[in-house]
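Engineer: Got a sequence here, can you build the structure:
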Amino acid sequence: MTHPFPQTMDFAGHNEPMRIECDIFDMVVEGEIPAEINGVWYRSVPDPQYPSRMGDDVFISGDGMVNAMVFENGHVDYKLRYVMTERLKSDRAARRSLFGKYRNPFTDDPSVKGKSRGVANTTPIFHGGKLFALKEDSRPVELDPRTLETIGEFDFNGKLQSQTMTAHTRVDTDTGRLYFFGYEAKGLCTTDVSYCVADKDLNLISEQFFQAPYVSMMHDFVITDKHAVFPVFPTTSDLEKLKAGVPHWAWDATKSTYVGIMPRDGKVSELRWFEGPPCFSYHMMNAFTDGSKVHMDVCLADINMFPFVMASGGYPYEPWKANARLVRWTFDLASASKTWTETQLGPGGDMPRVAVKDMNKDYEIGYMAVFDPRVSPPILSGPTPAGFNVLMRVNVKTGAISAWSEPNTTLQEPVLIPSRQQGHEGYIAVMQDLHATNTAQVLLFEAEHAAKGPIARIKIPMRQRCGVHGNWVQAEELAQAR
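Structural biologist: Just a heads-up that it's a prediction; the model follows:
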């Protein structure tokens, strides 16, 4: 018998595990889906198969599911499948959880010592004709892009030395190259970071290693047409504390924030470090190089947004400090300064997006998910106490903002779908949680006019556990699937 999940923030209410794999053919649509939208929206969803053997755990430790929503000629099909990792297969064979606290192997059942703890629950990416599910503490897991069947761990044909790969990769749309990194690259709590480049066909053409200033949760990074930028924030870990059974991450306000910048296609020996006060960001919206200056647009908070990280460090969770405002950090590589300047671009928000054509370049328009208490009180959805309830479009050059919301609902991460029409910003798709009916729907907006409301609502007849990240893949890209 499987025991009930604990009635804690990460497993109760809207965060209750679903544990459902399913297909829905031809979902009900209110409104009309434009004919030019053809492709697949892949989303990663943490959803634990079993309660933790420790009694409790955190939301982001759940087993990875991948959700595919296939758009074709005005119709949408839905598919949801577990990623069959070594960890999940071990748990299913035992019919219980054998793995302990989030990213702490010292709390595992002895029977799984040495087995991969990766849950592949953070980001699906499609590159070089292949689909991967990513989690930053392990290597990618390849999936069949049509059936979502798990193929297995991918190591770039044996060439990848790093034990980890970030869930936030970056693509140069001009060359098709994939840029990524891995922290704790040579083992648990190591300061080794790998910096990798793969070509459009997934050939690993470069892997270099450098040392971070300390062990840090390096969740995201950015590239420009000339530079790679690696932020290091004071959410850290300690091997001896892990052996004592504490969670992997803890906030440490005594440490500085560091940002390393190097030529994008250069050597890690050229990495230059900048230093500033403690703060935190999970996600960067974009970055670009302008002469000697590198600009990075960051969803920045004063503390880590996850309550368990603050508690592990012995700090109180103060929600007003966890609200991530949109700011621009500017680094002048021609200056001897070891810090940066900060300019506010927009209000609090996260899960940022820019159009594919604007990635890594000077740009104008960005999109975010926002929590605004004036719309409705906090509603639990995901790993933080308040789910997003506003979709926002920001002009980072003029400061103009437009927004859309519906009270008593929450929104998950938006995704941008490109348009083939000249001068058209494209479309936004976002999952909306309908708490009153315990169901969900996908909202489809014209990106430039999102404030006018959705042009279509795609009905899902069940609750959707909060996803982490997703990506859109055009139909013609999928035709190249290998």
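Engineer: mind listing the helices for the protein?
Structural biologist: 86-94, 239-243, 307-312, 475-478 (DSSP state H).
Engineer: nearest to L345, of those helices?
Structural biologist: When the helices of the chain are compared by CB to CB, helix 307-312 sits nearest L345, at 25.4 Å. The C-beta positions use only the backbone N, C-alpha and C, and glycine is treated the same way.
Engineer: highest average neighbour count across the helices of the chain?
Structural biologist: helix 307-312 (a mean of 20; mean count of other CB atoms under 10 Å).
Engineer: I'd like to know which elements that one is packed against.
Structural biologist: strand 250-251 (3 or more CB pairs under 8 Å, 6 or more residues apart in numbering; DSSP states H and E).
Engineer: again, only using 10 Å
Structural biologist: Applying 3 or more CB pairs under 10 Å, 6 or more residues apart in numbering; DSSP states H and E, one finds that helix 307-312 contacts strand 235-236, strand 250-251.
Engineer: With G349 as the reference, name the closest of those strands.
Structural biologist: When those are compared by CB to CB, strand 235-236 sits nearest G349, at 19.9 Å.
Engineer: so what strands line up beside the closest one?
Structural biologist: Strand pairing for strand 235-236, using DSSP bridges, gives strand 250-251 (antiparallel).
Engineer: what's the average pLDDT for the strand it pairs with?
Structural biologist: The average pLDDT within strand 250-251 is 98.
Engineer: Distance from that strand to the middle of the chain?
Structural biologist: Between the mean C-alpha location of strand 250-251 and the chain-wide mean there is a distance of 20 Å, by CA atoms, centre = their mean, to the nearest Å.
Engineer: give the contact list for F154.
Structural biologist: 130, 132-133, 139-143, 160, 165, 202 (CB atoms under 10 Å, 6 or more residues apart in numbering).
Engineer: export the helices of the chain to CSV and tack on mean pLDDT?
Structural biologist: Compiled in CSV, the helices of the chain are given as follows (pLDDT from 0 to 100):
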stretch, mean pLDDT
helix 86-94, 98
helix 239-243, 95
helix 307-312, 95
helix 475-478, 94
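Engineer: Nearest residue to the middle of this structure?
Structural biologist: Centroid-nearest residue in the chain, with CA atoms, centre = their mean: H469, separated by 4.3 Å.
Engineer: can you tell me how far it sits from V29?
Structural biologist: 24 Å (CB to CB, to the nearest Å).
Engineer: can you check D362 too?
Structural biologist: D362 sits 37 Å away from V29, going by CB to CB.
Engineer: got it, and R374?
Structural biologist: Counting by CB to CB, the gap from R374 to V29 is 31 Å.
Engineer: Between the two, tell me which one has more neighbours.
Structural biologist: Using other CB atoms under 10 Å, the more surrounded residue of R374 and V29 is V29, with 17 against 9.
Engineer: Quick one: residues contacting that one.
Structural biologist: 74-76, 441-442, 444, 456-459.
Engineer: now, which of these lie within strands?
Structural biologist: Among the contacts of V29, the residues falling in strands (DSSP state E) are 75-76, 441-442, 444, 456-459.
Engineer: Of these, grab the buried ones for ChimeraX.
Structural biologist: The buried residues among those can be selected in ChimeraX (16 or more other CB atoms under 10 Å) with this line:
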select :76,441,442,444,456,458
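Engineer: Out of the ones in strands among the contacts of V29, which two sit at the greatest distance?
Structural biologist: H75 and Q441 (15.5 Å).
Engineer: Quick check: the residue nearest to V112 when sequence neighbours are not counted vs V83, distance?
Structural biologist: Once flanking residues are discounted, V112 sits nearest to L98: 4.6 Å by CB to CB, 6 or more residues apart in numbering. Using CB to CB, we find L98 at a distance of 17 Å from V83.
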